[in-house]
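Chemist: Sequence plus predicted model, see below.
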Amino acid sequence: KAGVTQTPRYLIKTRGQQVTLSCSPISGHRSVSWYQQTPGQGLQFLFEYFSETQRNKGNFPGRFSGRQFSNSRSEMNVSTLELGDSALYLCASSPGQGGHNEQFFGPGTRLTVL
Amino acid sequence: AQSVTQLGSHVSVSEGALVLLRCNYSSSVPPYLFWYVQYPNQGLQLLLKYTSAATLVKGINGFEAEFKKSETSFHLTKPSAHMSDAAEYFCAVSDGGATNKLIFGTGTLLAVQP
């Protein structure tokens, strides 16, 4: 089975712009979660989607949003980019919901905001 | 609220020596605990997980971890370090309930000296 794929792998944007990141989960997985990784804050949970519904949301401003499509692919969007949004954004997929489930991570999208 | 604490942001061992990476958790419910490894410019790879089936959990690449409820610990060990083990290691706890949300520790960067 193919793993979790994320596109693009690298992005450079300027302050004030918006960006959309894409995640394709492992075939058959219906849950997708997003995390932000920065040197200062570490790994922080952004949101979780299951069957096209947002099930959980982290403590991020409303500029961060996401969605999930019927084929389980997910996108996240960041509007009005700030320098502090520079980070590695990781997507993880899981076959179901529940803390016991293993999550499979993609390689991440490295976003640089200038 | 669930949380994990990783003691030691940097650990250095000699090749062939014991690897011990420390993780303590706080959880209001029986926890699901995970160890992930991250190589440079890559996503997270699951090493092992504890889901209450057995207190000694064996993972990939010769790693194992022991769940000790009395000490609220889930330390990661490997009897003999290999150069390829050099990476960053993250301990995580599930947020509980029907969510896939993981709460990560701050990570431990493992260096292996020849």
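Modeler: Nice, I can see it. Only a predicted model underlies this, so the values are computations on that prediction, with no experimental measurement involved.
Chemist: Who are the contact partners of A:Thr53?
Modeler: When contacts are counted by CB atoms under 8 Å, 6 or more residues apart in numbering or on different chains, A:Thr53 touches A:Gln68. Backbone N, C-alpha and C define where each C-beta goes, glycine included.
Chemist: what does the one 4 residues further on give?
Modeler: Neighbour list for A:Lys57: A:Leu46, A:Phe47, A:Glu48 [criterion: CB under 8 Å, 6+ apart].
Chemist: quick one: low-confidence parts of chain B?
Modeler: Of all residues in chain B, none has pLDDT under 70.
Chemist: how about the strands of it, start to end?
Modeler: Assigned by DSSP state E, the strands in chain B fall at B:3-7, B:10-14, B:19-26, B:33-38, B:44-50, B:56-58, B:64-68, B:73-78, B:87-94, B:102-104, B:108-113.
Chemist: With distance to A:Thr7 added, can I get these in JSON lines?
Modeler: Below are these laid out as JSON lines (distance: least, CB to CB, whole Å):
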{"stretch": "strand B:3-7", "distance to A:Thr7": "31"}
{"stretch": "strand B:10-14", "distance to A:Thr7": "33"}
{"stretch": "strand B:19-26", "distance to A:Thr7": "32"}
{"stretch": "strand B:33-38", "distance to A:Thr7": "20"}
{"stretch": "strand B:44-50", "distance to A:Thr7": "18"}
{"stretch": "strand B:56-58", "distance to A:Thr7": "34"}
{"stretch": "strand B:64-68", "distance to A:Thr7": "34"}
{"stretch": "strand B:73-78", "distance to A:Thr7": "32"}
{"stretch": "strand B:87-94", "distance to A:Thr7": "24"}
{"stretch": "strand B:102-104", "distance to A:Thr7": "23"}
{"stretch": "strand B:108-113", "distance to A:Thr7": "28"}
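Chemist: about what we covered before: list, out of the contacts of A:Lys57, those positioned next to chain B.
Modeler: Intersecting these with the contacts of chain B gives A:Glu48 (criterion: CB under 8 Å from any CB of the partner chain).
Chemist: Looking at neighbours, which among the contacts of A:Lys57 is most surrounded?
Modeler: Greatest neighbour count in these, by other CB atoms under 10 Å in any protein chain shown, goes to A:Glu48: 28 neighbours.
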